[in-house]
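Asker: Make a model of this:
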Amino acid sequence: MSPRTLLRDSAILLILSTAAAFVLKGAGWALPFALSGVVAIANLYLLSLLTRNLVDLSAKGEGGNGMRLALGMIVKLTITVAALVVLIATFDVGPVLFGFGVVLIAITARGVLGLFLPAPAQEA
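Answerer: As a prediction, the model looks like this:
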């Protein structure tokens, strides 16, 4: 399961859910819903970058880069938490948490579907 697939699925579900939130609850719900979903997608993207760098360093056999990875994770976590705190302070907490949760649901759904669907053929 590639990070690109997870990001795409999360974005699609976020767009559809934001449209539904706009229709059902109005712009007051749709805006924080979409913004927190974008924060969650950015968090997922940063996590994929850090993971790819760790795999690349391991493949090269370069050791001692654990501190750089730890610093990257701390920065990623700080950015995500700060953005969520600002969103919760600015908007109602409900749509912010639902927007973040939509991305987590998309990741979980892709994982469950991956158990039942055949793996795509690898390109040579």
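
Asker: Helix, strand, or coil at Pro118?
Answerer: Look at Pro118: counting by DSSP: H, G, I helix; E, B strand; the rest coil, its state is coil.

Asker: Give me the neighbour count for Val75.
Answerer: 12 (other C-beta atoms under 10 Å). (Glycine included, C-beta is placed from N, CA and C.)

Asker: what's the average pLDDT for the helix or strand hosting it?
Answerer: Here Val75, judged by DSSP states H and E, is contained in helix 66-90. Helix 66-90 carries an average pLDDT of 88.

Asker: What are the buried residues along that helix?
Answerer: Of the residues in helix 66-90, 72, 76, 80, 83-84, 87 count as buried by neighbour count, 16 or more other C-beta atoms under 10 Å.

Asker: can I get these in CSV with distance to Leu54?
Answerer: Converted to CSV, the buried residues of helix 66-90 look like this (distance: C-beta to C-beta, whole Å):
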residue, distance to Leu54
Gly72, 9
Lys76, 13
Thr80, 18
Ala83, 23
Leu84, 25
Leu87, 29
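
Asker: which of these lies closest to Val112?
Answerer: Thr80 (24.2 Å; C-beta to C-beta).
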